[in-house]
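Chemist: sequence? don't have it. structure:
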């Protein structure tokens, strides 16, 4: 298996507690309302804590697909949320899984967001840049939509 890790940092004017609540705690309800391509997010196993598996269904280019989202760790006290995307009809063929480790910290009245993304490719396959960019673009788009919603409400 090929392993490719990318670290990213960004900032938000939204304080960590409010941002965590919107993106993680309320994210399953907000995301389908804010992102037209995402049709639904439903729990298929678990109670919302670590080990919970969600099915995220989306429509892109007129085609319905889904991916499985497993919560690895969630801690509201430290604003950390780790999850893994794997399987489903909307998952890139070259990938076994993609793991995200996210931490929010207070910074200048808002938040600093630290994200580590690890792509696990099948065999020793290299990670095509377009796969990395696609995942990055989609995750940033969801985050920015939720951030915008919080700022306007």
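Modeler: Yep, that arrived. From a predicted model like this one, the values you see are computed outputs, not experimental measurements. Numbers count the residues shown, from 1 in each chain.
Chemist: could you pull out the helices for the chain?
Modeler: In the chain, the helices defined using DSSP state H lie at 16-20, 27-34, 129-152.
Chemist: Could you measure from the nearest residue to residue 65 once chain neighbours are set aside over to residue 5?
Modeler: Counting by Cβ to Cβ, 6 or more residues apart in numbering, residue 65 lies nearest to residue 90, which is 3.1 Å off, once chain neighbours are set aside. No exception for glycine: its C-beta is placed from N, CA and C like everyone else's. As defined by Cβ to Cβ, to the nearest Å, residue 90 lies at a distance of 22 Å from residue 5.
Chemist: quick one, which of these two is more surrounded?
Modeler: Neighbours per residue (other Cβ atoms under 10 Å) separate residue 90 from residue 5, with residue 90 holding more: 17 against 11.
Chemist: Pull out the buried positions in the least confident helix or strand in the chain by mean pLDDT.
Modeler: The weakest-scoring helix or strand in the chain, judged by mean pLDDT, DSSP states H and E, is helix 129-152 (a mean of 91). Neighbour-count burial for helix 129-152, counted by 16 or more other Cβ atoms under 10 Å, picks out 131, 135, 139, 142, 143, 145, 146, 147, 150.
Chemist: next one: stretch 86-100
Modeler: Of the residues in stretch 86-100, 86, 87, 90, 91, 92, 95, 96, 97, 98, 99, 100 count as buried by neighbour count, 16+ other Cβ under 10 Å.
Chemist: just to revisit the earlier point, quick one: the residue nearest to residue 65 from residue 10, how far?
Modeler: Distance from residue 90 to residue 10, by Cβ to Cβ: 25 Å.
Chemist: returning to what we had before: which one of the buried residues of helix 129-152 sits closest to residue 43?
Modeler: For those, the residue nearest residue 43 by Cβ to Cβ is residue 142; the value is 18.0 Å.
Chemist: wait, isn't the closest one in contact with residue 33?
Modeler: No - with contact defined as Cβ atoms under 8 Å, residue 142 and residue 33 do not form a contacting pair (11.7 Å).
Chemist: residue ranges of the strands in this structure, please?
Modeler: Applying DSSP state E to the chain gives strands spanning 2-12, 38-45, 53-60, 63-75, 80-86, 95-107, 110-121.
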